[in-house]
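**Q** Turn this into a model:
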Amino acid sequence: MTEERFQALNDAVQQILRQQADLEERIARLEAASRTPDAVSSSVPAAPIVEPARSIPVVAPKPASKRVSGRTVMAGVERPAIESKVGLTLVNRIGVITLVLGVAFFFKWAVDNEWIGPTGRVLLGLLAGCLTLGAADLLFRKAQKTFAQGIAGAGLAILYLAAYAAYGFYHLVPQALAFVFLLTTTAVGFAFSLRYDSAAIAALGLLGGYLTPLLLYTGEDHPWFLLSYVLLLDIAAMTLRDRKGWRVLEVLSLAATTIIYFAWFLQHEADHRKTAVATLGAIAYYASFTYAGSGVAAGFSSLIAAIEILLVWPDAAGPFFLFELLVAGCGIFIARSRRTLTVLTFAFAAFWICAGFFSVGGSEINVGGRFIGLSLGFLLFFALAALDEDLGPASEGSSPTALAVLAANGSVYFGIVYALLRAHYHEWLGFIAVCVAATYLALAALTRKTISLQKPTEFRPLLLQIGMAVTFITLAIPIQLTGFRITIGWALQAAVLTWLGAKFKSKRAYLGGAVVFILVALRLGTLDSWLYEFTSSAPPAFFNPRFLAFAVSAACAFAAARWAATSNRKLAISEYLGGHVALLAGLTLEVTMWVARNAAASNRISAETFSVSVLYGIYAVVLVSIGVMTRAAVNRISGLVLIGFVIVKLYLFDVWQLDRVYRIAAFVALGILLISTSFLYSRYRHVVDALLRNDETLA
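**A** Numbers count the residues shown, from 1 in each chain. So this is what the prediction gives:
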């Protein structure tokens, strides 16, 4: 046993040495091939060769690489030159297409001149196609594969021409037999393309099949046969594409089917509008491409099918939306089953583009039907966001595409509905906007229960849903309300946004609230302030819509400041001060309106100036008092700043504008207010000092 093991070990070592020697010899040959002959003979030493102990089969070395004219070739095996590729492949394919076109034109010429009878023409076509396929198979077996592929494609195209002409052009055979011819030709194409493993044969055969009805068109309309024939070609192409992965067949069949369908329908539009054959053709083509096609093909086919349905049903809301929703629902199903957002994006775009063209700019007939169809489309895509766990924005790790579809769904829907209803049903638009906002809020509530707020990627859908709800509420307020009601609605909305920001620690919600408060301020200053300037009769002071708008806006700002105080101090201070500005502005307008209504015309300016100064002084003292009692420096500082403003106003403006009585009253009143303020600081000096050492602001 020991000797046998030793012998086996020795044999293994010998084999390793032989392999090493063989590798060294190959390396030497490669180095020699890359040098000049002179350098090779002087610099490459002979490789040591170990004599084998027993006969071992020697593997022939691979041919060495060398450089020839700037390109790498193998010794004895050169790559095909570019001219060979062009001459063998490209020219062959072009030649086949040219030959098929020539045969078709010859058939047409023969028909026009009645040279050959219909039966003879068809038989000659069948014979020529079979002989061409036989020649292709012979060439293939003689190793001329590329050339044989083109010839086989030409044979298939000729068979398609003959089979189609037998029924569609000459009416020699019934429809059933014509289908047998076409089915046989398709089966032959299957066999040859699989035998040769060639996408080119399948593509050339299909191209000939699609060109047949276009080349032999006589003006007669055979819709069922034509559309069924094209569908048969589509099924064959998609089957090959699915089995062999030949994407070129998918592109070819989708483009050819689209061209043939639109050419046929536009030629016979008057006869096939609102017909079953046109509708079923569009849906059947869409089904064939979505079933076996890629995501891009399925998406494009949904867009094409939606456009075709729009052409077939241009003014019938019921059938139009029924078939459009069917196509959109199939797109959602395919997107969910394949977990791809490409099909969903195309289905979404197809439905809303066609629905928009159908609904906007049409007649005023059946507005209700169009509104119902649009609403069903909105709910269909919205249900995907609410219920789908793989594609919906409520799912974990939502993609930007899904979020974009969610946001665009409500926006596009409301935009189309607005254009549809604004002329005669404007009073319903605000309610519709609120309903859209309610759906987003409901989805946000559902999302909140399923995500973790600790993960930022899961937090995005919730913010988007809340943001969309806020946006539609913002739109609903000016659409449905008028005048001061818009300001009140926006103020309430801004307060709610701030509350949401405080609850969810969301900077975006805080920002949204701040933006809406800016809108409130602009509206108060530009519209609500002038509500009674151009009217002859003024309402009672402090009990009118204008003061209500200012007061509610101020209250909302105060509430927002309180909610933001715990997490956003700067925003809280800004909102709190803004609330005081709004309240003081409203009081100023009411005081000046009351004075203007009750004072004599000769003293009106003095009375208004005096009243405003006293109002500001009282307001300043109240602010300081609140600041002392609540330990809020922002109130005390604001009061002192306002007192400073009143002093400057009194000495630089009022003293020159007021009559003597009002001037005296103003100085006396201001003096009393200043002394009162001083008394507060003197009486509560120890409290103020303590506050200054350990201050607490409102924020």
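**Q** What segments of the stretch 501-650 of the chain are helices?
**A** 507-526, 545-564, 569-598, 604-630, 633-649 (DSSP state H, counting those that start in this stretch).
**Q** Turn the ones you listed into a markdown table, including mean neighbour count.
**A** Heads up, the C-betas are built off the backbone N, CA and C, glycines and all. Converted to a markdown table, the helices of the stretch 501-650 of the chain look like this (neighbours: other CB atoms under 10 Å):
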| stretch | mean neighbour count |
| --- | --- |
| helix 507-526 | 19 |
| helix 545-564 | 23 |
| helix 569-598 | 19 |
| helix 604-630 | 19 |
| helix 633-649 | 18 |
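**Q** Make TSV out of those helices and add distance to Val180.
**A** Compiled in TSV, the helices of the stretch 501-650 of the chain are given as follows (distance: least, CB to CB, whole Å):
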stretch	distance to Val180
helix 507-526	66
helix 545-564	78
helix 569-598	79
helix 604-630	95
helix 633-649	92
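**Q** what would those helices look like in a markdown table with distance to Gly318 and mean pLDDT?
**A** A markdown table is the format used below for the helices of the stretch 501-650 of the chain (distance: least, CB to CB, whole Å; pLDDT from 0 to 100):
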| stretch | distance to Gly318 | mean pLDDT |
| --- | --- | --- |
| helix 507-526 | 40 | 88 |
| helix 545-564 | 46 | 93 |
| helix 569-598 | 52 | 91 |
| helix 604-630 | 64 | 85 |
| helix 633-649 | 63 | 85 |
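**Q** For Gly368, find the nearest of these.
**A** helix 507-526 (33.8 Å; CB to CB).
**Q** now the angle from that closest one to helix 545-564?
**A** 160 degrees (axes from the mean of the first three to the mean of the last three CA atoms, to 10 degrees).
**Q** Out of the helices of the stretch 501-650 of the chain, which is closest to Asp234?
**A** It's helix 507-526; of these, that one is closest to Asp234 (CB to CB) at 48.2 Å.
**Q** how about the helices of the stretch 501-650 of the chain, which one is nearest Val248?
**A** helix 507-526 (47.3 Å).
**Q** how near is the closest residue to Leu232 other than its chain neighbours to Ala554?
**A** With sequence-adjacent residues excluded and distances taken as CB to CB, 6 or more residues apart in numbering, Leu232 is closest to Leu182, at 6.1 Å. As for Leu182, its distance to Ala554 is 80 Å (criterion: CB to CB, to the nearest Å).
**Q** before we move on, the earlier item: Leu421 is nearest to which of the helices of the stretch 501-650 of the chain?
**A** Here helix 507-526 is closest among the helices of the stretch 501-650 of the chain (CB to CB), at 24.7 Å.
**Q** Give me the mean pLDDT for the helix or strand harbouring Val248.
**A** Val248 is part of helix 247-267, with elements assigned from DSSP states H and E. For helix 247-267, mean pLDDT rounds to 89.
**Q** Could you give me the buried positions within it?
**A** In terms of neighbour count (16 or more other CB atoms under 10 Å), helix 247-267 has its buried residues at 249-254, 256-258, 260-261, 264-265.
**Q** For the stretch 101-250 of the chain, which segments count as strands?
**A** Secondary structure of the stretch 101-250 of the chain (DSSP state E, counting those that start in this stretch): no strands located.
**Q** Many thanks, we can stop here.
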